[in-house]
Structure formats: structure tokens, C-alpha cells
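Chemist: Fold the following, please.
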Amino acid sequence: MVDVLAQIWPYFVAICNFAINLVASGHAVLYKRETRAAIGWVGLIWLVPLLGAALYVLLGINRIHRKAQALRKKRLPFEIAETNLPGSDAWIQEMLAFEGSYPSLNVTHYSSLVKLVDQVTRWPLLPGNHLTPYVNGDEAYPAMLQAIEQAEHSINLMTYIFDNDSSGRIFRDALQRAQRRGVEVRVLMDDVGARYSWPSMARLLHRAKIPVARFLPTTLPWRFRYSNLRNHRKIMVVDGKIGFTGGMNLREGNCLNLRTSHPIQDLHFRLDGPAVAHLQEIFVEDWTYTTGEDLRGGDWFPHIAACGNMLVRGISEGPDEDFDKLRLTILGALACAQSSVVVVTPYFLPDGSIITALKVAAMRGVDVDIVLPEKNNLALVQWASTASFWQLLECGCRIWLSPPPFDHTKLMLVDDIWALLGSANWDPRSLRLNFEFNVEAYDPVLTERLAALANGKIRRSIRVRYHDVEARPLPIKLRDGVARLFSPYL
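Modeler: Purely as a prediction, here's the structure:
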């Protein structure tokens, strides 16, 4: 019997390996959206027996999507009527009003972009809003703290990093005072972002008896900077009527007047008007996903009156049913661009489709300016980003490297009328792997103000020329090229 088993066990293992590989590779072929990803996983599965299939099961299957779908099936969808929002059909009249005030702009050309984003999001483009930009934490934090101090009913705060430092503790104390006044407070932090300081702010909030939750607890090492499937959104909603969003975390480095060892430039926004409901809805969805508590009622979704002339819409992005919304929005905006495109981002690792769209825009005569940090806080990202510069420079795109302090600003401007702002970077982590939240806005006055900020950065920046990239030593080119191979995971 022992001899028989010794003879047949290799065949049994081979048959099991073949069956497992067949199932795993079949799953990859059916569900991987990108051909290269499917080929890569299938190759790994068959070339590395058993281990390849195990790695695919652990790392290659998007469980976030399935878990999110299962959760949302158990709960009723949000109803637009519940928030008492105006309809989105008014955007046509608003567009015509813009065109009358700015005759040089072909505003009706953007109707195709409006239709595109209508298709990729579940939210309407809403009139009657106002966005106020804040430069760095020096401007943003006082405005946010003032809103917290004036809160009467509810405060929802979601962030990636909430440091236990001087700035973080000021926010903690303000939230604690609000809760003592009877305000309902909820704080949602990403589990990886919560580990950037010790003891974590999540622990301090819990001790203060403030309801706090960690999004997707993980066993990844502390401060693992290349982790994916993280909640990178930055949202605060006060009384359901005042919203704050953008790219700014809560940490003292964002306050340049504190002169910390690692200062960070950034941009944040206050939103007033009906589109605040988009911020609130995405917070409530993430909170319910994390804790099971469903927040409803007038304290969370009150009637929101119009208070401005801006057309605004929230755009959520994530590796679930929100997949690819931002990338499609960016591609649509680049296709609509007539005169200018300005991109400001700390991490620039666009995929082939976005690179092609930028090149096509530049070759059509559109001025394309891309502003990146001169010295990135992630060396691998900077190397991989530099490896793709030549493709853009040879087609007329302009690349600028802004001097320190590190610029964490995330902004896209098109034709002095359309702005995209929020938490997402131009890299695969933001556009495919993490949970992000951005806002699109149609308003020439806002875009003119943001363009002035971007042009100020450009004036202080160093322009990258094609010959500069080509003149890099061969070892540096090879280093950057190898780093680019890891772009989908950076």
C-alpha cells in the first residue's frame, strides 16, 4: 500500500495543481479588466506551481468589490428626495449664463463632458454652490475649526492621516467640545493612515468617548507607504450643510507657519450649497460599511438652500462599483480641452490612455502644463514618473518641477472654466486601487483664482526640457525605467 501511494502521489499533486491553476487562471481571464494584468497573473499561476495560484487568491482578487456589494444589498439606497436637492436640468441655463458673461469661451462645448460624468456617476451636476479655496493648513485649519465650534447638530470627519501632534490635538479638543454641546460626532480614519503617529489619534479619540472607526483594519507594517485599497478621502461635513474636502490631511506639517521639519504645501476647499449632500452621502456610505451604523434623518441630511452660482458635483472613486470614474472623467476633460490644461499633482504615474490623451491635447494646440514636486517624498515614485517624461515632452507638453516644501496639491484646470479638485493623485493607486473623492466645478471666477495659484507655482518652478531627460546617465535611465515597471503598485 505504501509503495502504491509513493507511486501515485506525484500524479495526484500534478492533477490538483492543474485543476487549481485552471480555475485560478480562468478567474483572472474573466475578471481582470486589463489585458496585461490578466497575462501577468496567468503566467505567474502556471509558471510557479501552487504558489502562483495562492498569490492570486491572496492579492489578485478584489474582495472589496464583493464585500461592498453584499453590504449595500442589505440597506436601502439613498434617495435624492431625502436631501431635498434641486434638479440638475438647470445646468443648461447656467451654462448659457456663463457663455453670455464670457463670450470668448465656447461653454456649450462642455455639454459632452457633463453627459459623460452623468453616465459614470450616480449624482447630478448641481447648481447653487460656492467653493472657497484655502492654501495650506494655515488657512484651512482655522476655517474647519470655526465650523466645528459653530456646529449645532452633527459633525462627520473622514481623513487618511489624523496625526497625534499639535494640530491633531487641536481638532480632537474641538470635536470633544462639540460633543459636550450635544453635537453628534463621527470620525472615520484609514487604518494605515492612523498609524503615522503613536499613540494613534484613534486611540485618543476613543478615550475621549468620541465615536471613531478605522477603515479596513490591516496587518501591514506600520506606515507602509505603498499600501493599496486604502481610504484616501478627506471629507468633513458640519450640520449636513457645510462641507470641506480636498487633499489635506490633519497634521502639523501642513501649517507652514509652524516651521516643522517636514513642511507640506496643499490645497483644501469649503463647499456651501446643495452639493454638500454628495460629501455627506459618501461619508455615510463609508461609515456604514465600516461600522454598520446607518446615519439618516434631518441632522445628517437637512434641506440645503442654494448659496452661489457654481455648478458642482462630487465624484467618488474606489475599487468597487465606483471603479474608473475619475479616470474616465479626466479623459473626457482632456478631450474637451480647447485652449489650456493645468495639472498639479504630487504623484504622477499616468497609464497609457492618459498619456495618450495628454499628448493628443498638446498636439491639437492645447497648452498642457504639468506641475510636480522637484523632490518627491517617495523616491520610487519620482524615478518611475521621470521615466515617462520623454513621451510627453516630445509632443509639446510642459513639465515643471516646483521647489520645496513638498507640494501635495491635487488640481486639474481646463480652459479657465472647469476645475477638478480633491484627494486623488494621478497614479494607479488613486485611479484604480484606493478610495478617493473629488469634486468637479464649472465656474470661470473660481478657475481664474485657481489658475493664478497654479501660475504662481509655475513661476517658481524649473522647466524640464526634453534634452534634460535624454541627458541623464545610462544608470539613472535604467534605474528610472526599472522603477516604472512597478508603477501599478506604487
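
Chemist: Residues in a beta bridge with residue 245, which ones?
Modeler: Note on residue 245: beta-bridge partners by DSSP bridges are residue 235, residue 269.

Chemist: Residue 478 versus that one, what's the distance?
Modeler: From residue 245 across to residue 478, the span is 40 Å (CB to CB, to the nearest Å). Every residue, glycine included, has its C-beta placed from N, CA and C.

Chemist: cool, and residue 199?
Modeler: Distance, residue 199 to residue 478, by CB to CB: 43 Å.

Chemist: And residue 315, by the same measure?
Modeler: 38 Å.

Chemist: Give me the distance from the strand ranked longest in the chain to the chain's centre.
Modeler: Counting residues, the longest strand found in the chain (DSSP state E) is strand 126-135. Centroid separation for strand 126-135 versus its chain: 18 Å, with CA atoms, centre = their mean, to the nearest Å.

Chemist: who's in contact with it?
Modeler: 85-86, 88, 90-91, 94, 140, 143, 246, 265, 267-275, 278, 305-313, 421, 439, 441, 443, 446, 449-450, 453 (CB atoms under 8 Å, 6 or more residues apart in numbering).

Chemist: ok so, going back, between residue 199 and residue 478, which has more neighbouring residues?
Modeler: Per other CB atoms under 10 Å, whichever of residue 199 and residue 478 has more neighbours is residue 478, with 12 against 9.

Chemist: Quick check: the more buried one vs residue 472, distance?
Modeler: Separation of residue 478 from residue 472 (CB to CB) stands at 10 Å.

Chemist: Next: residue 306.
Modeler: 53 Å.

Chemist: Equivalent analysis for residue 205, please.
Modeler: Per CB to CB, residue 205 is found 47 Å from residue 472.

Chemist: of these two, who's got more company?
Modeler: residue 205 (25 against 16).

Chemist: what about the more buried one, is that helix, strand or coil?
Modeler: In three-state terms, and counting by DSSP: H, G, I helix; E, B strand; the rest coil, residue 205 is helix.

Chemist: Run the chain-centre distance for the helix or strand containing residue 52.
Modeler: Element membership of residue 52 [criterion: DSSP states H and E] is helix 51-55. Distance of helix 51-55 from its chain centroid, counting by CA atoms, centre = their mean, is 30 Å.

Chemist: List the buried residues in it.
Modeler: Buried residues in helix 51-55, counted by 16 or more other CB atoms under 10 Å: 52, 53.

Chemist: now do stretch 429-449
Modeler: 429-444, 446-447.

Chemist: Likewise for stretch 331-338?
Modeler: Buried-residue list, stretch 331-338, by 16+ other CB under 10 Å: 331, 332, 333, 334, 336, 337, 338.

Chemist: Relative to the whole chain's centre, how far out is it?
Modeler: Worked out by CA atoms, centre = their mean, stretch 331-338 lies 19 Å from the chain centre.

Chemist: same check, this time on stretch 419-430
Modeler: Using CA atoms, centre = their mean, the distance from the centre of stretch 419-430 to the centre of the chain it belongs to is 4 Å.

Chemist: gap between the two ends of that stretch?
Modeler: The first residue of stretch 419-430 is 18 Å away from its last residue (CA to CA, to the nearest Å).

Chemist: shift numbering so it begins at 868
Modeler: That works, and once the first residue is 868, the last one we named lands at stretch 1286-1297.

Chemist: Contacts for the strand or helix carrying residue 1259, please.
Modeler: In this structure, residue 1259 sits in helix 1256-1260 according to DSSP H and E. Contacts of helix 1256-1260 with the rest of the structure, by CB under 8 Å, 6+ apart, involve 1222, 1225, 1226, 1229, 1235, 1237, 1266, 1331, 1332, 1333, 1336, 1337.

Chemist: Cool, thanks, signing off.
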